[in-house]
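> Here is the input, now give the coordinates:
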Amino acid sequence: MKSKDFRIILFTQIVGILCSGLLNFAMALHVLDLTGSATIFSTIVSISFIPTIIVGPIGGILADRLPKKKLLMIADTVKACLVIVLATALFLGIETIVLIGVILTVMITFTTVYLPIVAAIVPSIVDKEDLVKANSLVQSVKSLSRFAAPAVGGILFGLVGIYQLVIGVAVLYIISAMTNFFLRLPENEKGFEGGIFKAIKDDLGVGFTYILKTDPRIFELALTVGLIAMAFFSILTVALPFIGRVVLEVTEFQFGIAQAVTGTAALFGAIFAGQKQVRRFLQPKYVNHWTFVSVLVSIPISLSMLPTLGLPNIGRFVLFTVGLFFTMATFTIFNIIKMAAIQKNAPADMVGKATAITMSITVIPIPIMQRLMGEVLDLVGGNFSGLAMIFFALTFFVFCVGVVKVFWGRRRSCEGESVI
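Coordinates of the predicted model:
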């Protein structure tokens, strides 16, 4: 991509995801080491997803109505301030589980506002035929950051401690805010004539009307991706840390490597999706095919917990991580399909709203399953047979989603409905 603005967006994405990854990695280790409870850990993780559901659509409205450059700078600046508050609490030794949960939740809120703004910017700075490639690049830099964050975090957590690590995150957020100053974006701001609440109400109505009535295929796609995310994200965000740190008792460095590997999954998926031979399959009509692929590649997650394999703990953790790697690589393809479908088909003033609303729909089931996963993991504990049953059940659930999608697609074809 030759666009300077697109390169700036990629850089700030790298910094933003790196900061988020470092902070989440450090807090995951800190909370699990303090409590050893999957239920408490999953509660914090699931609560942090709630802003995406509630604030997501509002972020899309802001992206369509206000100067995007200023919004990006404000979001990064506020996140830097929040991290400084967290660092101060850690330095004074007054951090609590509640404080950590509140700060992470507020940060996720601003990240939620940030994402639809970036999604709305991309179509305005790249050509339409380059949208799939642009989205693949965005996913690639995100995954590179996700790879670097836990790998670096695993080393820094042991070397410098959590306080210095958190200070470093605050500095990176400030750098990101300063970099956004150099963006030169076409602005089509509408403001809030008639008041902000009326504008939000009207825009939400327009956005929901678009995805439910004007183009319901987008809603169907978001719902499908959300159901799949519900299963896989509960494994990534709750099961992986708990099984690694509590059940299998891996070291901080080994856990950091596992987090890094799952981070590269998105890079692998994005690179794979960017191949010319693959691009023609990156359409909503092929989602059911990708669903069955995700089922197949997730099987090692369940197999890793089978007692009959007789693997040592590190062997189980490696097999579990490998299965999760290919699973999340496939999930990246779902996200690329969803974003490209919105950006190609939605009007320019609808991209931010449609992106934010579909993001909320996709995320709604995730905190429910995360909370349930925490409860079940505490109940099962280190029983490998029970853990294997949990993961086989989730794999079967995704398989059922694929089967329903196949029959639904056939019904729509018989009715003569078009596909995106």
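> Checking residue 95 next. Helix, strand or coil?
Three-state assignment for residue 95 (DSSP: H, G, I helix; E, B strand; the rest coil): coil.
> Now do the phi/psi pair for it.
Backbone geometry at residue 95, expressed as degrees, to the nearest 10, gives phi -70, psi 140.
> quick one: pLDDT of it?
As predicted, residue 95 sits at a pLDDT of 77.
> which stretch of helix or strand covers the residue nearest to it when sequence neighbours are not counted?
Distances taken as C-beta to C-beta, 6 or more residues apart in numbering put residue 89 closest to residue 95, at 4.3 Å, once the chain neighbours are dropped. Quick note: C-beta positions are derived from backbone N, CA and C, even for glycine. Here residue 89, judged by DSSP states H and E, is contained in helix 68-92.
> How much space separates the residue nearest to residue 95 from residue 72?
Distance of residue 89 to residue 72, given as C-beta to C-beta, to the nearest Å: 27 Å.
> Tell me which of the two has more neighbours.
residue 72 (27 against 17; other C-beta atoms under 10 Å).
> Please tell me I have it right and the more buried one contacts residue 183.
Yes - counting by C-beta atoms under 8 Å, residue 183 is a contact partner of residue 72 at 7.4 Å.
> Next, the angle helix 68-92 makes with the one helix or strand residue 356 maps to.
Assigned by DSSP H and E, residue 356 belongs to helix 351-363. Helix 351-363 and helix 68-92 are oriented at 40 degrees to each other (axes from the mean of the first three to the mean of the last three C-alpha atoms, to 10 degrees).
> tell me which strands and helices the host helix or strand of residue 102 is in contact with?
In this structure, residue 102 is located in helix 97-125 according to DSSP H and E. Applying 3 or more C-beta pairs under 8 Å, 6 or more residues apart in numbering; DSSP states H and E, one finds that helix 97-125 makes contact with helix 4-35, helix 38-65, helix 68-92, helix 131-159, helix 313-345, helix 351-363.
> List the buried residues for it?
97, 100-104, 106-123, 125 (16 or more other C-beta atoms under 10 Å).
> Surely residue 13 is in contact with residue 138?
Yes - using C-beta under 8 Å, residue 13 is in contact with residue 138, at 6.2 Å.
> hey, what's in contact with both of these two?
Common neighbours of residue 13 and residue 138 (criterion: C-beta atoms under 8 Å, 6 or more residues apart in numbering): residue 118.
> now the nearest residue to residue 353 once chain neighbours are set aside: how far from residue 219?
Leaving out its chain neighbours, the residue that sits closest to residue 353 by C-beta to C-beta, 6+ apart is residue 207, at 3.6 Å. Applying C-beta to C-beta, the value for residue 207 to residue 219 is 11 Å.
> Between the two, tell me which one has more neighbours.
The neighbour count for residue 207 versus residue 219, taken as other C-beta under 10 Å, is higher for residue 207 (23 against 18).
> what's the spacing between that one and residue 135?
20 Å.
> And for residue 180?
20 Å.
> What of residue 171?
29 Å.
> the more surrounded of these two?
Under the neighbour definition other C-beta under 10 Å, residue 171 and residue 135 were set side by side, and residue 135 has more, 24 against 13.
> Verify the contact between residue 360 and residue 53 for me.
Yes - if you go by C-beta under 8 Å, residue 360 and residue 53 touch, sitting 4.9 Å apart.
> Just want to know which of the two has more residues nearby.
Using other C-beta under 10 Å as the criterion, residue 360 and residue 53 rank with residue 360 on top: 23 against 18.
> Okay, that one and residue 176: tell me how far apart.
On the measure of C-beta to C-beta, residue 360 and residue 176 end up 24 Å apart.
> Any stretches of the stretch 201-350 of the chain with poor pLDDT?
For the stretch 201-350 of the chain, applying pLDDT under 70 flags no range at all.
> Tell me where it has helices.
216-234, 240-242, 252-273, 276-279, 287-303, 313-345 (DSSP state H, counting those that start in this stretch).
> mind checking which of those is nearest residue 152?
helix 252-273 (8.0 Å; C-beta to C-beta).
> so what's residue 49 scoring on pLDDT?
The predicted local confidence for residue 49 is 69.
> quick one: common contacting residues for residue 360 and residue 53?
What both residue 360 and residue 53 touch, as defined by C-beta under 8 Å, 6+ apart, is an empty set.
> Hmm, residue 57 and residue 113 touching each other?
No - using C-beta under 8 Å, residue 113 is not in contact with residue 57; the gap is 10.5 Å.
> tell me which residues in stretch 342-360 are buried?
Here stretch 342-360 shows 342-343, 345-346, 350-360 as buried, counting by 16+ other C-beta under 10 Å.
> burial of the closest residue to residue 380 other than its chain neighbours, as a residue count?
Once flanking residues are discounted, residue 380 sits nearest to residue 386: 3.7 Å by C-beta to C-beta, 6+ apart. Applying other C-beta under 10 Å, we find 14 residues neighbouring residue 386.
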